[in-house]
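*Asks:* Starting from these lines, generate the structure:
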Amino acid sequence: MTAIDPRLPLFLGLMSGTSADGIDAALVQFPTEGGCHFVQGHTHDWEADTRAALIALGQGHEPASLDTLGQLDAQVGIAFAAAANRLLASAGVDARQVRAIGSHGQTIRHRPLAAPGFTWQIGDANRIAELTGITTVADFRRRDVAAGGHGAPLMPAFHLAMLGSTDEDRAVLNLGGIGNLSLIARDGSLRGFDTGPANALLDGWCQRHLGQAFDADGAFAASGQVDEGLLARLLAEPWFALPPPKSTGREQFHLAWVEARFDGRPLAPADVQATLLELTAATVADALLAHLPQVRRLLVCGGGVRNPQLLRRLQARLPGVVIGSSAEQGLDPDYMEAMGFAWLAQQTLAGLPGNLPSVSGARGPRILGAIHPA
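*Replies:* The predicted structure follows:
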């Protein structure tokens with residue numbers, strides 16, 4: 001824990017991503033001169049049954065009933081509140097010291113290209129406000145979608161505010177369940193978009209064949225060989241060729257999508273893992289070189305920053321780029337998105353936009369989120 005500046009309000013961000021591997025909670029302050037002061041973070045585990053239900057929904061499965069979905073919405077809200085309260089207790093912070101919580105919720109569907117487009121995050125924010133006693137801002141994505149955007153990714157605006165540089169073109173790569181890039185040019189212009197699957201496929205395949213939630217240090221992938229035929233069929237997915245703005249999720253990239261491209265041949269599980277890792281490295285590198293070819297620095301955050309095999313493959317595909325963790329710039333890579341949703345809550349309460357039309361494709365800047373008073 002780092003010291004709290006008594007002159008600045010505290011904000012708390014809550015985030016659970018595509019992998020649904022836990023609820024990240026971050027307690028932060030935002031100095032008036034800029035930047036983000038990270039006070040403390042905590043990752044709250046999902047109950048196994050809840051996580052299984054969320055992953056199934058995210059992959060396109062239908063809920064058993066509206067009652068089931070309504071109860072899950074409430075359960076997710078309760079879990080998010082527990083994550084916030086656990087962090088506050090650990091930090092020794094009274095809830096009355098926190099100006100607001102910014103809650104992402106849990107995405108169960110993301111269909112921005114449907115007619116009409118929509119995105120849906122559950123996790124009842126009323127429950128969070130009630131159980132924490134803190135004003136809660138949530139449902140950040142749907143206003144951008146209503147304005148014609150994708151509602152994702154939302155982190156590029158935060159990345160620009162925190163990591164922009166006038167000295168170099170740089171990119172920020174979030175390796176969560178889905179990979180996404182923020183491309184920050186030295187002139188302050190910015191673009192951002194999803195690159196495709198990252199940890200969601202790697203974790204799912206590892207869980208199925210090793211019974212482990214994730215591939216520690218990328219060892220499972222490193223033990224196999226890339227199947228070039230499978231990789232080519234995966235890369236032939238038309239989504240990868242779409243121009244930005246674009247976003248995706250587990251409902252598009254899941255293990256059944258992978259298995260449909262096996263071409264009837266038996267494949268060693270380790271070789272599939274190696275191929276899925278190479279797919280992530282290839283799609284990130286291709287997107288980066290296509291849209292910011294002069295980039296010289298790539299800052300990585302999200303769970304993938306702890307996969308040295310994935311970082312080695314990225315470096316091999318980007319030999320002229322310096323690849324490092326966002327920690328080099330003072331931002332904890334494990335809590336970057338949670339910090340970002342705390343920042344979005346601050347933006348909302350200040351009446352300031354949280355989206356960037358150059359990223360999402362929305363018709364203009366919009367104030368995001370719904371405010372649930374304490």
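*Asks:* contacting residues around R143?
*Replies:* R143 makes contact with N355, R366, I367, L368, G369 under the criterion CB atoms under 8 Å, 6 or more residues apart in numbering. In this view, the C-beta of every residue, glycine as well, is placed from N, C-alpha and C.
*Asks:* Looking at it now. What's its pLDDT?
*Replies:* We note a pLDDT of 98 for R143 in this prediction.
*Asks:* Next one: it from S325, what distance?
*Replies:* Here the criterion is CB to CB, to the nearest Å. By it, R143 lies 32 Å from S325.
*Asks:* what's the closest non-adjacent residue to M336?
*Replies:* C301 (4.0 Å; CB to CB, 6 or more residues apart in numbering).
*Asks:* Kindly list the main-chain dihedrals of that neighbour?
*Replies:* Dihedral angles of C301 (phi, psi; degrees, to the nearest 10) stand at phi -140, psi 180.
*Asks:* is it true that it touches S326?
*Replies:* Yes - the pair C301 and S326 qualifies as a contact (CB atoms under 8 Å) at a distance of 4.3 Å.
*Asks:* what's the span of stretch 23-42, first residue to last?
*Replies:* With CA to CA, to the nearest Å as the measure, stretch 23-42 spans 8 Å from end to end.
*Asks:* Okay, buried residues for that stretch please.
*Replies:* Within stretch 23-42, the residues that count as buried by 16 or more other CB atoms under 10 Å are 23-30, 36-42.
*Asks:* now that stretch: mean pLDDT?
*Replies:* Mean predicted confidence for stretch 23-42 is 96.
*Asks:* I'd say L69 and P63 touch.
*Replies:* Yes - with contact taken as CB under 8 Å, L69 and P63 are classed as touching, separated by 4.3 Å.
*Asks:* helices and strands of the protein: which one bottoms out on pLDDT?
*Replies:* Lowest by mean pLDDT, DSSP states H and E among the helices and strands of the chain is helix 48-58, with a mean of 90.
*Asks:* tally of neighbours for the closest residue to P9 other than its chain neighbours?
*Replies:* The shortest distance from P9 to any residue that is not its chain neighbour, by CB to CB, 6+ apart, is 3.9 Å, and that residue is R99. Neighbouring residues of R99 were enumerated by other CB atoms under 10 Å; the total is 16.
*Asks:* got the phi/psi numbers for R99?
*Replies:* Backbone torsions for R99, taken as degrees, to the nearest 10, come to phi -70, psi -40.
*Asks:* What is the least confident helix or strand of the chain packed up against?
*Replies:* Secondary structure elements in contact with helix 48-58, counted by 3 or more CB pairs under 8 Å, 6 or more residues apart in numbering; DSSP states H and E, are helix 66-91, strand 106-111.
*Asks:* Can you add distance to L242 and give the ones you listed back as JSON lines?
*Replies:* Listed next are the helices and strands packed on helix 48-58 as JSON lines, based on distance: least, CB to CB, whole Å:
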{"stretch": "helix 66-91", "distance to L242": "30"}
{"stretch": "strand 106-111", "distance to L242": "15"}
